[in-house]
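In: mind looking at a prediction? Sequence and model below.
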Amino acid sequence: MHNLKAGIYIHIPFCHAKCIYCDFYSVADRNDEIPEFVDLICTEIDLFFTKNEAPWHFDTIFFGGGTPSLLEASSIEKIISTLNKYLDLSNIEEFTVETNPGEIEYNRLKDFLSIGVNRLSLGFQSFDDNLLSFLGRLHSSKDCIKTYENARKAGFGNINADLIFDIPGQTIERWKQDLKTLVELEPEHISTYSLTVEKQTNLFKLVQAGRVTMPSETLDISMYTHSLDFLKQKKYLQYEISNHSKEDYTCKHNLHYWKNDPYISFGPSAHSYDMNKRWWNINNLTQYSKSIKNNELPIQNEELLTDKDHFNELIFNGLRMQSGVKIENLEKYYNDSITDYIDLNMKKWDGLNYENGFFFLDDNARLLADEIASDLFI
């Protein structure tokens, strides 16, 4: 067994409604297909492991979507049982399920806990009902509080909550209030995302048509820097651009992505990485189903990674983290002097630092992480 740690991701594409900003693959109003879909996921797992090995130490499972909490606990358990046929899951430290406020009852939360789910990720997004309505969310601020309280009552001791800033119509005062309200609940983990306009979304169409105007970059930066200062003051460590946690509550699963650890994923549109190549599934539920019923893996494409690809991904993902990039890992994929590379780029970019074997950005420079990373690519 390889001693590399790895994660498992399961994509559940079902939603009650599509949010205007979401570019993840999902389908609305097809929840009657969930039982058949669970069987398809199990068959995909069987098909994958008859042809492939995954010789790693799996320590995280993440059910994302979509809205995976639409599944009953018995359905999640069925998927885990199928994985158990091929993998040793006895060392799973973190088992996350995403859920939306107002869409999961107390009893289902209890059921999730009983089958081993030990972390919830709650998509609050805002405590302002007008902003929630604009985003296409179906829940209210009261639903946020009630779902959170039910999760605590059910016994969950590790909860993440998502908030979005830079929403049209959102003021800095409203953002400050959202953060204050959330921190008073005391979740173990907080994710704060700037609203981005992705192609293929309804938000993109509204912006293109001139019906919605996005807030200024100045306001975006003000909201971001306030969240850094406020959450730090409240003892939440920012360990990645958008993620803050209390001590010992970082998201282990997402760290696999940012550290370029291997991960295996199942479901439509799911991406996987095995240290040598990356592959991704068909992002269409009908075509996904058709492939599996033909006993074919639903892979849309794959990409063999070069040393250059590995190097650039380590830079791109690593500079998003407070800890930065381990130089020892970069050296494996760099043929010239890594010291010269570091010196050259530290002269070029203020806020880029090298210390104790790590290449990292300070808080202010992390605002430009993607731009700086792109410039550092080889």
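Out: Received, thanks. Numbers count the residues shown, from 1 in each chain.

In: so which bits of stretch 329-336 are buried?
Out: 329, 330, 333, 334 (16 or more other C-beta atoms under 10 Å). C-beta here means a position set from N, CA and C on the backbone, and glycine is covered the same way.

In: typed the wrong thing, it's stretch 4-17
Out: Judged by neighbour count using 16+ other C-beta under 10 Å, the buried positions of stretch 4-17 are 5, 6, 7, 8, 9, 10, 11, 12, 13, 14, 15.

In: how about stretch 231-245?
Out: Within stretch 231-245, the residues scored as buried using 16+ other C-beta under 10 Å are 231, 234, 236, 237, 238, 239, 240, 241, 242, 243, 244, 245.

In: measure that stretch end to end?
Out: By C-alpha to C-alpha, to the nearest Å, the extent of stretch 231-245 from end to end equals 9 Å.

In: now do that stretch, average pLDDT.
Out: Mean per-residue pLDDT for stretch 231-245: 97.

In: hang on, the earlier thing: now for the buried residues of stretch 329-336: which two are most distant?
Out: Greatest spacing in the buried residues of stretch 329-336, by C-beta to C-beta: 329 and 334 (10.0 Å).

In: can you map out the strands along the stretch 201-350 of the chain?
Out: Applying DSSP state E, counting those that start in this stretch to the stretch 201-350 of the chain gives strands spanning 237-240, 243-245, 263-266, 271-273, 277-281, 299-304, 325-326.

In: got a markdown table for these, with distance to residue 136 too?
Out: Listed next are those as a markdown table, based on distance: least, C-beta to C-beta, whole Å:
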| stretch | distance to residue 136 |
| --- | --- |
| strand 237-240 | 26 |
| strand 243-245 | 24 |
| strand 263-266 | 26 |
| strand 271-273 | 25 |
| strand 277-281 | 25 |
| strand 299-304 | 27 |
| strand 325-326 | 37 |
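
In: who wins for proximity to residue 37 among those strands?
Out: Nearest of the strands of the stretch 201-350 of the chain to residue 37, taken as C-beta to C-beta: strand 263-266 at 11.1 Å.

In: check the offset of that closest one from the chain's centre.
Out: 13 Å (C-alpha atoms, centre = their mean, to the nearest Å).

In: show me what contacts residue 116?
Out: Residues near residue 116 by C-beta atoms under 8 Å, 6 or more residues apart in numbering: 80, 92, 95.

In: state the mean pLDDT of stretch 105-125.
Out: When pLDDT is averaged along stretch 105-125, the result is 98.

In: give me the buried positions along that stretch.
Out: Of the residues in stretch 105-125, 108-113, 117-125 count as buried by neighbour count, 16+ other C-beta under 10 Å.

In: can you check stretch 178-197 too?
Out: So for stretch 178-197, counting by 16+ other C-beta under 10 Å, buried means 178-179, 181-183, 185, 187-192, 194-195, 197.

In: and of those, the nearest to residue 169?
Out: Nearest to residue 169 among those is residue 195, at 11.0 Å by C-beta to C-beta.

In: now that closest one. Nearest residue, chain neighbours left out?
Out: residue 166 (4.6 Å; C-beta to C-beta, 6 or more residues apart in numbering).

In: state the phi and psi torsions of that neighbour.
Out: phi 70, psi 30 (degrees, to the nearest 10).

In: identify the residues contacting it.
Out: If a contact means C-beta under 8 Å, 6+ apart, then residue 166 has 194, 195, 214, 215, 219, 220, 223 as its contacts.

In: top of the residues you listed by number of neighbours, please.
Out: residue 223 (23 neighbours; other C-beta atoms under 10 Å).

In: that one reaches residue 165, doesn't it?
Out: Yes. Applying C-beta atoms under 8 Å, one finds residue 223 in contact with residue 165, separated by 4.2 Å.

In: what residues do these two have in common as contacts?
Out: Listed as contacting both residue 223 and residue 165 by C-beta under 8 Å, 6+ apart are 175, 194.

In: leaving out chain neighbours, which residue sits closest to residue 295?
Out: Among residues not flanking residue 295 along the chain, residue 47 sits closest, at 6.6 Å (C-beta to C-beta, 6+ apart).

In: the one you found: neighbouring residues, count only.
Out: Number of residues near residue 47 (other C-beta under 10 Å) recorded here: 17.

In: which residues touch it?
Out: 292, 295, 296, 297 are the contacts of residue 47 under C-beta under 8 Å, 6+ apart.

In: what do you get for residue 237?
Out: The neighbourhood of residue 237, defined by C-beta under 8 Å, 6+ apart, consists of 244, 245, 246, 247, 250, 322.

In: let's go with 10 Å and repeat that
Out: Residue 237 sits next to 231, 243, 244, 245, 246, 247, 248, 249, 250, 322 when contact means C-beta atoms under 10 Å, 6 or more residues apart in numbering.

In: the helices in the stretch 101-250 of the chain, which residues?
Out: With helices called from DSSP state H, counting those that start in this stretch, the stretch 101-250 of the chain shows them at 106-114, 129-135, 141-154, 172-185, 202-208, 217-233.

In: let's have those helices in TSV, adding distance to residue 68.
Out: Formatted as TSV, the helices of the stretch 101-250 of the chain follow (distance: least, C-beta to C-beta, whole Å):
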stretch	distance to residue 68
helix 106-114	10
helix 129-135	19
helix 141-154	15
helix 172-185	22
helix 202-208	22
helix 217-233	26
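
In: would you tell me which of the ones you listed gets closest to residue 57?
Out: Minimum separation from residue 57 across these (C-beta to C-beta) falls at helix 106-114, 24.2 Å.
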